[in-house]
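> quick check, what structure comes out for this input:
(one chain, ligands or ions: 2)
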Amino acid sequence: MTKIAIFGVGLIGGSLALCYKGKPGYTVVGHSPNPKSVEKLLKRGVVDIATTSMAEAAQDADYLFLCVPVGMLEDYVKQLVELPLKPGCIITDVGSTKASVTESAAAVVREGVYFIGGHPMAGSERHGVEAASSHLFENAFYVLTPAEGTPELEVDRLTAFLSETKAQVVRVDAREHDEIVGAISHLPHIIAVALVNQVRVYNETNPLYQNLAAGGFRDITRIAASEPSIWRDILVNNREVLLKLLQDWNGEIARFIQLIEQSDGEGIAEQFRLSGEFRGKLPERRKGMLTSLYDIYVDVPDHPGIIGSIATLLGNARINLSNLQIIESREDVPGILRLSFRNQEEADRASELLGEQYAVHV
Ligand SMILES: NC(=O)C1=CN([C@@H]2O[C@H](COP(=O)(O)OP(=O)(O)OC[C@H]3O[C@@H](n4cnc5c(N)ncnc54)[C@H](O)[C@@H]3O)[C@@H](O)[C@H]2O)C=CC1
Ligand SMILES: O=C(O)C(=O)Cc1ccc(O)cc1
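Ligands and ions are numbered 1, 2, ... in the order given. Below is the predicted model:
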């Protein structure tokens, strides 16, 4: 039996628990210092065993996942390595920053216990075990940041163990991780929050702001609804990187101020051209929880019920659709549907089946 101990069973810890719970050969133990949370975990069936005792959760565990806010990680590692642990166990975390925990853990781990930093790059603005899903990590990147000197064998062992999450494991240097994730995740969260707060203040004198903000504004600021305590810790922890990124951000905004002051339409259009070109090259692998690499495109006439017919055709053939998106739908041209599947085989079968009635592109 492989024992998995999860410390902090919220969105990420709960989703990890669900990747293993109920599968043969695994026992999943959840830890929370709060007896009410322990009760809730058992009631929801997210873990096999739940306890308020760190020692009990850690005892004999093969893999120990720290899924608490970033500010608590260092302390958790220190407490765990003082406990009797199974020789050869791997302690890992899921924190959104990697440099501090990777370095502080390397300084305290002892013989026979391994620490390997981790960051599943999937999630949402939601929090708590109620939002957990066994599909959360599918096709997402899962970054590992082993410190120098960590045996390859142990990194391979953790990588193989994580295959149950269906994420794609990649290795990145911890500091490089914090710089890149700072730019693509932490900075966007700051921008979204600042933008929402700017409009919030305008709305105090005119509630029409809020009423008219239902469409695009709502979409691009989704992440501004993220959990404050989680993000407080991330931003404080990645301080150096973020200060540099915010300086660069000020430069980008200053450029726009100048272009607009000078009514430089060509300069503004150039900014949109440059961003559109780069954005077009971004891999389309993370569209929320159900992401997929295996997409096909179907031209469909724009008439009611067409999506239902396609879904029924696939359902009858037992092909699982993991996502569906209408890319274009106008009365005068055929619409394009993007259908996503979890593997190549399902995408191929769908192409063949739908190709009998529709134009399919891969
Ligand atoms: N939210 C997201 O989309 C992602 C978050 N992460 C990282 O995952 C970790 C967990 O985040 P989420 O699961 O999103 O948050 P969450 O709020 O859903 O879960 C956090 C868990 O930690 C526990 N916790 C909070 N304060 C505690 C304390 N003082 N003592 C003991 N336990 C405490 C909570 O009870 C909860 O079980 C964080 O380090 C975060 O940076 C990583 C990838 C994505
Ligand atoms: O909701 C989103 O789009 C996210 O960006 C979720 C997220 C939050 C924190 C992470 O460290 C990784 C992913």
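
> now stretch 300-311, how far from the centre of its chain.
31 Å (C-alpha atoms, centre = their mean, to the nearest Å).

> what's the span of that stretch, first residue to last?
For stretch 300-311, the first-to-last residue distance is 13 Å (C-alpha to C-alpha, to the nearest Å).

> in that stretch, what's buried?
V300, I306, I310 (16 or more other C-beta atoms under 10 Å). Just so you know, the C-beta spots here come from the backbone N, C-alpha and C atoms, and that holds for glycine as well.

> got the residue ranges for the strands in the stretch 201-350 of the chain?
Remark: strands of the stretch 201-350 of the chain, listed N- to C-terminal, are 294-300, 323-330, 333-341; assignment by DSSP state E, counting those that start in this stretch.

> can you lay out these as TSV showing mean pLDDT and distance to ligand 1?
Formatted as TSV, the strands of the stretch 201-350 of the chain follow (pLDDT from 0 to 100; distance: least, C-beta to the nearest ligand atom, whole Å):
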stretch	mean pLDDT	distance to ligand 1
strand 294-300	83	23
strand 323-330	68	18
strand 333-341	78	20
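
> compare these and give me the one nearest ligand 2.
Nearest to ligand 2 among the strands of the stretch 201-350 of the chain is strand 323-330 (15.0 Å), distances taken as C-beta to the nearest ligand atom.

> ok so, going back, can you put the strands of the stretch 201-350 of the chain in a markdown table and add distance to ligand 2?
Shown next, in a markdown table, are these (distance: least, C-beta to the nearest ligand atom, whole Å):
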| stretch | distance to ligand 2 |
| --- | --- |
| strand 294-300 | 19 |
| strand 323-330 | 15 |
| strand 333-341 | 17 |
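
> and the closest residue to ligand 2 within the stretch 201-350 of the chain, how many residues sit next to it?
Closest contact between the stretch 201-350 of the chain and ligand 2, by C-beta to the nearest ligand atom, is at I223 (5.3 Å). The tally of other residues near I223 (other C-beta atoms under 10 Å) stands at 18.

> then P207?
P207 has 10 neighbouring residues, counting by other C-beta under 10 Å.

> quick one, what contacts it?
Residues near P207 by C-beta atoms under 8 Å, 6 or more residues apart in numbering: none.

> measure it to G216 for me?
In this view, P207 and G216 are 19 Å apart by C-beta to C-beta, to the nearest Å.

> can you check T145 too?
In terms of C-beta to C-beta, T145 sits 36 Å off from G216.

> neighbour count for these two, which is higher?
T145 (24 against 8).

> how many neighbours does S351 have?
17.

> surely it and V362 touch.
Yes - here S351 reaches V362: they are 6.1 Å apart, a contact under C-beta atoms under 8 Å.

> name the residues contacting each of those two.
Joint contacts of S351 and V362 (C-beta under 8 Å, 6+ apart) are I296.

> all helices for the stretch 51-200 of the chain, in order.
Counting by DSSP state H, counting those that start in this stretch, the stretch 51-200 of the chain has helices at residues 54-58, 73-81, 99-108, 152-161, 174-181, 187-205.

> so for C19, which of those helices sits nearest?
helix 152-161 (10.2 Å; C-beta to C-beta).

> the closest one - contacts with which helices or strands?
For helix 152-161, the packing partners by 3 or more C-beta pairs under 8 Å, 6 or more residues apart in numbering; DSSP states H and E come out as strand 90-93, strand 114-120, strand 141-145.

> of those strands, which approaches ligand 2 most closely?
That would be strand 114-120 among the helices and strands packed on helix 152-161, by C-beta to the nearest ligand atom, at 6.1 Å.

> quick one on the thing from earlier: so which of the helices of the stretch 51-200 of the chain gets nearest G315?
helix 152-161 (33.3 Å).
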